[in-house]
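>>> Quick check, what structure comes out for this input:
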Amino acid sequence: MTSTGHTDRKTVPALEIVDPGLQTTVQDYPGRLGLQSLGFFPAGPADHLAFRVANVLVGNRPGAAALEIPRGRFHAVALCSGLVAVCGASGVDVTLNDRPVPTWQAVPVSEGDSLRCSVARGPGFRLYLAVSGGIAVPEVFGSMSTFLVGGIGGLDGRALAPADVLNAYAGRTARRRGYRLPVDLRPRYTSDWEIEILRGPHADPEFLTEADYKELLSNEWRVDVSSDRAATRFHPHRFRWARDSGDIAGGHPSSVLDGCYPLGGILAYGDTLTVLGPDGHVSGGSAVVATVAHASLWKIGQLRPGRDTVRLREIDLDQAAGLDEHAQFILRPEQLEPL
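Okay, the predicted model is just below:
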């Protein structure tokens with residue numbers, strides 16, 4: 001295992017963690033690409049859109065390392081002057097020295113300032129906190145992202161703990177002007193989601209029946225309470241299937257010979273559909289009946305376990321590319337409001 005990159009850049013202490021909340025981790029985007037043959041899914045933010053917006057608001061490159069805070073409840077003290085931005089789930093109170101500050105906007109901080117985030121009460125599940133300069137942790141296999149399953153990346157391969165000190169790269173830590181994302185460009189969170197998917201690779205008619213696939217698109221899927229960064233699980237549903245068994249792959253018709261899984265793949269584990277997240281497993285023997293469009297993966301990252309529901313909408317490759325273009329449009333500096 002090797003750690004590389006950024007060793008020539010000066011760093012300064014940026015944040016001291018007082019209360020890390022449920023499972024706050026350091027992530028960068030797009031994470032560890034091209035390592036599935038070694039057993040690594042990319043890690044990175046579960047909601048790559050709010051993550052990148054937070055970075056752009058404080059003047060970082062979109063993929064710079066920042067914090068992912070599931071469900072909110074977070075407290076840290078600033079150790080230097082700079083900018084911070086909190087984006088993501090709604091219904092969260094963010095305060096600086098007990099004074100309310102807005103989300104989706106860069107906020108100046110000074111040494112000793114106390115930054116708190118409440119539990120997110122409204123739609124959405126994860127918050128993203130970016131600091132100017134970007135969080136500075138060692139790169140492991142080309143990424144700073146925390147991969148909790150493998151115990152690598154981020155801060156010692158683990159979630160943050162009280163008294164942890166995070167450094168940031170120097171050069172952008174002085175107080176300066178930031179940006180705000182206009183309200184009409186902010187993603188809309190809900191408890192009843194529509195998520196765009198592409199068919200297959202194991203769809204109808206070879207695996208699902210035509211009626212099964214129609215049910216895949218027409219059903220309202222409930223997000224199971226056991227969902228996490230590795231996988232988002234839906235309530236069980238019994239499909240008819242176009243074959244009686246998986247033959248040599250296994251007894252259930254959802255069984256296939258082991259193959260590589262895509263990020264956002266919707267796997268059929270028997271009667272349970274599971275969407276693979278950034279910490280998911282790279283291969284296996286379950287049918288991938290559909291794949292979430294890359295530009296829509298942020299929605300999976302904001303699903304609240306045990307509460308939200310999902311409807312799936314099939315799109316084609318051209319439409320998926322259009323969704324990607326819209327996400328890039330939001331991230332352009334000219335679309336942001338300078339403060």
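>>> quick one, helices of this structure?
Ranges of helices in the chain, per DSSP state H, are 48-57, 210-218, 297-301, 317-331.
>>> Name the residues that touch stretch 158-171?
6, 9-20, 23-26, 67, 79-80, 82, 131-137, 146, 148, 151, 155 (CB atoms under 8 Å, 6 or more residues apart in numbering). (Each C-beta comes from the backbone N, C-alpha and C, glycine too.)
>>> Leaving out the residues flanking it, which one is nearest to Val107?
Nearest residue to Val107 in three dimensions, chain neighbours excluded: Val101, at 4.8 Å (CB to CB, 6 or more residues apart in numbering).
>>> go on, Pro305?
Nearest non-adjacent residue to Pro305 (CB to CB, 6+ apart): Ser227, at 4.3 Å.
>>> what residues are up against the one you found?
Contacts of Ser227 were listed using CB under 8 Å, 6+ apart, and they are 233, 303, 305.
>>> buried stuff in stretch 246-264?
Of the residues in stretch 246-264, 246, 249, 252-256, 261-264 count as buried by neighbour count, 16 or more other CB atoms under 10 Å.
>>> How about stretch 166-185?
For stretch 166-185, by 16+ other CB under 10 Å, it's 166-170, 172-173, 178-181.
>>> Same check on stretch 62-77?
62-76.
>>> ok, now how distant is Leu331 from Leu49?
To Leu49, Leu331 is 9 Å away according to CB to CB, to the nearest Å.
>>> What is the neighbour count of Leu155?
20 (other CB atoms under 10 Å).
>>> quick revisit: give me the more crowded residue out of Leu331 and Leu49.
Using other CB under 10 Å, the more surrounded residue of Leu331 and Leu49 is Leu49, with 26 against 16.
>>> Tell me how far the more buried one lies from Asn55.
Taking CB to CB, one finds Leu49 at 11 Å from Asn55.
>>> Ok, Ala163 next?
For Ala163, the distance to Asn55 equals 25 Å [CB to CB].
>>> Among these two, which residue is more densely surrounded?
Neighbour comparison, Ala163 and Asn55: the larger count goes to Asn55, with 26 against 9 (by other CB under 10 Å).
>>> Just confirm that one contacts Gly134, I think it does.
Yes - Asn55 lies in contact with Gly134 (CB atoms under 8 Å); the separation is 7.2 Å.
>>> re the thing from before, can you tell me which of the contacts of stretch 158-171 are buried?
Using 16+ other CB under 10 Å, the buried ones in those are 11-12, 14-15, 17, 20, 23-26, 67, 79-80, 82, 131-137, 146, 148, 155.
>>> if we can go back for a sec, in strands only, show me the contacts of Ser227.
Arg233 (DSSP state E).
>>> what's the closest of the contacts of Ser227 to Arg116?
Pro305 (23.6 Å; CB to CB).
>>> The closest one contacts Val223, correct?
Yes - the pair Pro305 / Val223 is scored as a contact, 5.7 Å apart, by CB under 8 Å.
>>> Common neighbours of the two, please.
With CB under 8 Å, 6+ apart as the test, Pro305 and Val223 both reach Thr232.
>>> Which one of the two is surrounded by more residues?
Val223 (23 against 16).
>>> bridging residues for that one?
Listed beta-bridge partners, Val223: Phe234 (assigned using DSSP bridges).
>>> Contact partners for it?
Counting by CB under 8 Å, 6+ apart, Val223 has contacts 232-234, 303-310.
>>> And it, what's its pLDDT?
On the pLDDT scale, Val223 is placed at 98.
>>> how near is the nearest residue to Ile135 once chain neighbours are set aside to Thr146?
Closest residue to Ile135 apart from its sequence neighbours, by CB to CB, 6+ apart: Ala65 at 3.9 Å. Separation of Ala65 from Thr146 (CB to CB) stands at 10 Å.
>>> Overlap in contacts, those two.
Applying CB under 8 Å, 6+ apart, one finds that Ala65 and Thr146 are jointly contacted by 26-27.
>>> that older thread, redo the buried residues of stretch 246-264 as CSV? Include distance to Arg32 and pLDDT.
Below are these laid out as CSV (distance: CB to CB, whole Å; pLDDT from 0 to 100):
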residue, distance to Arg32, pLDDT
Gly246, 31, 81
Ala249, 29, 76
His252, 31, 91
Pro253, 33, 92
Ser254, 28, 91
Ser255, 29, 93
Val256, 25, 93
Tyr261, 15, 96
Pro262, 15, 96
Leu263, 11, 96
Gly264, 16, 97
